[in-house]
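1. give me the fold of what follows.
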Amino acid sequence: MRTISWSPRWFLFCCLVALVGATHAATLATIPATAATETVDPQHAYAAVDAFLLDQLETLGIPGAAIAVVRDGRQVHSAAFGKADPAGRPMTPQTPVLLASTSKSLTAIAVMQQVEAGRLRLDEPVRTYLPWFTLDDRRSPAITVRHLLHQTSGMSSRDTAFEASLSQDPSALETSVRAMAGSPLAGEPGQRFHYASANYNVLGLLVQTVANQPFGEYVEQHVFAPLGMVHSHTTAAAAREDSAAEGHARWFSSFWVRTDVPAPAAGMPSSTLYASAEDLGRELAALLDGGRNREARILEPGSVAAMFEPRTTVDGAKGYGMGWYTRPLVESVDPTAPAPAAGDVPLLLEHQGEWGNSHTYLAMVPDSRLGVALVINGNDTAAPSRLKAIDTNILRILHGHSPVPAVVFEDWLQQFSWAVSLGLLLAELLSLWLSLSVLLRRRFARSGRWAPLAWAAAALALDAFALWLCLVYAPARFDTDLLVIVRQFPDVGVSLVPVLGLAILWPVPRTVWLLSRVLHRDPRRTLKP
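-> Sure thing, here's the model as predicted:
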């Protein structure tokens, strides 16, 4: 278990906040945990959040971050820290960032708009609107619009992966959904939660079809424009024109590097929308205010309530609404106070976005009408829990509690996948060198009859292990295909590509060459010293 260290600057700031708040200590101790949002001085909380983010940028080396906080239908705080690119351009609350999975909340809004318009019905099968839609399973015709929204369609994330695509063609969305025809289902539609971004890609195509308008254009006109989200975009090209932040990845768990990771058009509804922290704050403010902002209404209150309702259980007290995870807001509870009853803890709606080079977080507390939007132009794919801890600690600070050290809970393969792939590459290179040494030098002639065959078997075993790990175990472990791993985990991919090349291309010529030498060797030389 690893923890994030705290800098002296953060320690001193905490001491200052503690001194300022000392006069309120006796009062706070007698107030129930659920009332924390009503007793915390907002300005002190915002200052503490900013100091915490600055500390995390310094401690973890994060390139840049921006945050927006909303209360009661309006944005009350925004701030940005660090750099948007290696040239040193400052990060701002208006800087667009690749959203990854927080794109889903925007797609859910578009779907519910079409439900309100009568063009979509939640419990209607997808094939009502896309007659050609099918998967490689006889149960796929039973998938409904609601199943897609609540991630209960039964689709598998691995078998419907799109993240490795490079296409920016507007037709890529429909092409990718049609390509799912050969994908099996992982479960019975409507039975259980199984997260797959493809659910929201299908939803995007549904909106595109019933609205008779490209999905990207629809979102720009009916979601971004009414909310005043002027720094939000549906394509990478448009985001770059608006000075989007450049993504970074943490290579070898050691240093941050500007890294290009594919953001395919096929994943626009689920993963590849762009927005600034300030714009995301506008989305949250509208949802917390029943679907309207000061200028326009994007949804009716009933539609917003339906989005917030968890219709499926993820695990324990955690559920999933429409583009939102739901759970008790444990960060509002004083860890030193007696545990409150389950019903006394406010409901939290949240979603994180994890891409190979960005991290985003959205959170809403309907009871207090509090919303938080955080964007970071980097991600640590070996241990994303480090950045996820920032999300939850911001909630703690806003509710008057101190942040807690992060705990890295990813398993050994994810944490050290770069080391495993590098070790495999070194082993394959050593195997190549020894093979050539055996085949090209006189030591081949001096070896016994079975020694070359034993060496060939050992080399084949190494190749088989590398192929099993790369093609079978790792895709199953990460619930995606190998190409996605190579492109979303860049420090892993840089070693895996040559490993696969050697394990696939070299074994056959090596074995044929070796057998040929064994069969044609001079038997009189085998016994010579």
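2. I'd say Arg74 and Ala286 touch.
-> No - the pair Arg74 / Ala286 is not scored as a contact, 10.7 Å apart, by CB atoms under 8 Å. C-betas here are computed from N, CA, C, even on glycine.
3. so between the two, which is more surrounded?
-> Ala286 (28 against 14; other CB atoms under 10 Å).
4. phi, psi for the spatially most central residue of the chain please.
-> Nearest residue to the geometric centre of the chain (CA atoms, centre = their mean): Glu354, 1.9 Å. Main-chain torsions, Glu354, degrees, to the nearest 10: phi -120, psi 110.
5. who touches it in this structure?
-> Ala100, Ser101, Asn379, Thr381, Pro384 (CB atoms under 8 Å, 6 or more residues apart in numbering).
6. neighbours of the spatially closest residue to the third one that is not a sequence neighbour, how many?
-> Nearest in space to Asn379, with sequence neighbours left out and distances taken as CB to CB, 6 or more residues apart in numbering, is His359 at 4.7 Å. Neighbour count of His359, defined by other CB under 10 Å: 30.
7. tell me the pLDDT of His359.
-> pLDDT for His359: 98.
8. for whichever strand or helix holds it, packing partners?
-> For His359, the host element (DSSP states H and E) is strand 358-365. Here strand 358-365 touches strand 97-98, helix 277-288, strand 347-355, strand 370-376, helix 385-398, going by 3 or more CB pairs under 8 Å, 6 or more residues apart in numbering; DSSP states H and E.
9. might you calculate how far the first one sits from the centre of the chain?
-> It stands for strand 97-98. 12 Å (CA atoms, centre = their mean, to the nearest Å).
10. next one: the fourth one
-> Its chain's average C-alpha position is 15 Å from that of strand 370-376, according to CA atoms, centre = their mean.
11. which residues does that strand contact?
-> Contacts for strand 370-376 (CB under 8 Å, 6+ apart): 37, 62-71, 95, 97, 99, 245, 275-277, 280-281, 283-285, 287-288, 358-365, 387, 390-391, 394-395, 398.
12. which of those count as buried?
-> 37, 62-71, 95, 97, 99, 245, 275-277, 280-281, 283-285, 287-288, 358-365, 387, 390-391, 394-395, 398 (16 or more other CB atoms under 10 Å).
13. wait, Ser167 sits on Gly267?
-> No - Ser167 sits out of contact with Gly267 when judged by CB under 8 Å, with a separation of 10.0 Å.
14. neighbour count winner among these two?
-> Of the pair Ser167 and Gly267, Gly267 is the one with more neighbours under other CB under 10 Å, namely 27 against 15.
15. grab the nearest non-local neighbour of the more buried one.
-> Here the residue nearest Gly267, using CB to CB, 6+ apart, is Phe162, at 5.2 Å.
16. what sits against the one you found?
-> Taking CB under 8 Å, 6+ apart as the test, what Phe162 contacts is Ser176, Ser197, Ala198, Asn201, Pro264, Ala266, Gly267.
17. Tyr325 too?
-> Val314, Lys318, Gly319, Leu349, Glu350, His351.
18. do I have it right that the fourth one meets Leu329?
-> Okay, so that is Leu349. No - look at Leu349 against Leu329 with CB under 8 Å: they stay out of range, at 9.6 Å.
19. residues shared between the contacts of these two?
-> Going by CB under 8 Å, 6+ apart, residues that sit against Leu349 and also against Leu329 are Val365.
20. can I get the host helix or strand of Ala419 in PDB, CA atoms only?
-> Assigning secondary structure by DSSP H and E places Ala419 in helix 417-440. Extracted C-alpha coordinates of helix 417-440, given in PDB (Å, rounded to 0.1, in the frame of the first residue of the first chain):
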ATOM      1  CA  SER A 417       2.500  -3.600 -16.400                       C
ATOM      2  CA  TRP A 418       5.200  -1.500 -17.800                       C
ATOM      3  CA  ALA A 419       7.800  -3.500 -15.900                       C
ATOM      4  CA  VAL A 420       6.300  -6.800 -17.000                       C
ATOM      5  CA  SER A 421       6.200  -5.700 -20.700                       C
ATOM      6  CA  LEU A 422       9.800  -4.400 -20.400                       C
ATOM      7  CA  GLY A 423      10.900  -7.700 -18.800                       C
ATOM      8  CA  LEU A 424       9.300  -9.700 -21.600                       C
ATOM      9  CA  LEU A 425      11.100  -7.500 -24.200                       C
ATOM     10  CA  LEU A 426      14.400  -8.100 -22.500                       C
ATOM     11  CA  ALA A 427      13.700 -11.900 -22.300                       C
ATOM     12  CA  GLU A 428      12.800 -12.000 -26.000                       C
ATOM     13  CA  LEU A 429      15.900 -10.000 -27.000                       C
ATOM     14  CA  LEU A 430      18.100 -12.400 -24.900                       C
ATOM     15  CA  SER A 431      16.400 -15.300 -26.500                       C
ATOM     16  CA  LEU A 432      17.000 -13.900 -30.000                       C
ATOM     17  CA  TRP A 433      20.700 -13.300 -29.200                       C
ATOM     18  CA  LEU A 434      21.200 -16.800 -27.800                       C
ATOM     19  CA  SER A 435      19.400 -18.300 -30.700                       C
ATOM     20  CA  LEU A 436      21.600 -16.600 -33.200                       C
ATOM     21  CA  SER A 437      24.700 -17.400 -31.100                       C
ATOM     22  CA  VAL A 438      23.700 -21.100 -31.100                       C
ATOM     23  CA  LEU A 439      22.900 -21.200 -34.800                       C
ATOM     24  CA  LEU A 440      25.800 -19.200 -36.200                       C
END
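21. isn't there a strand covering Val314?
-> Yes - Val314 forms part of a strand when assessed by DSSP: H, G, I helix; E, B strand; the rest coil.
22. tell me, how many residues neighbour it?
-> 17.
23. quick check: chain neighbours aside, which residue is closest to it?
-> Leaving aside its sequence neighbours, Val314 sits nearest to Phe193 (CB to CB, 6+ apart; 5.1 Å).
24. equivalent analysis for Leu483, please.
-> Distances taken as CB to CB, 6+ apart put Ala164 closest to Leu483, at 3.8 Å, once the chain neighbours are dropped.
25. wait, that neighbour sits on Pro475?
-> No - between Ala164 and Pro475 there is no contact, the gap being 11.7 Å when judged by CB under 8 Å.
26. pull up the overlap in contacts between the two.
-> Going by CB under 8 Å, 6+ apart, residues that sit against Ala164 and also against Pro475 are Asp481.
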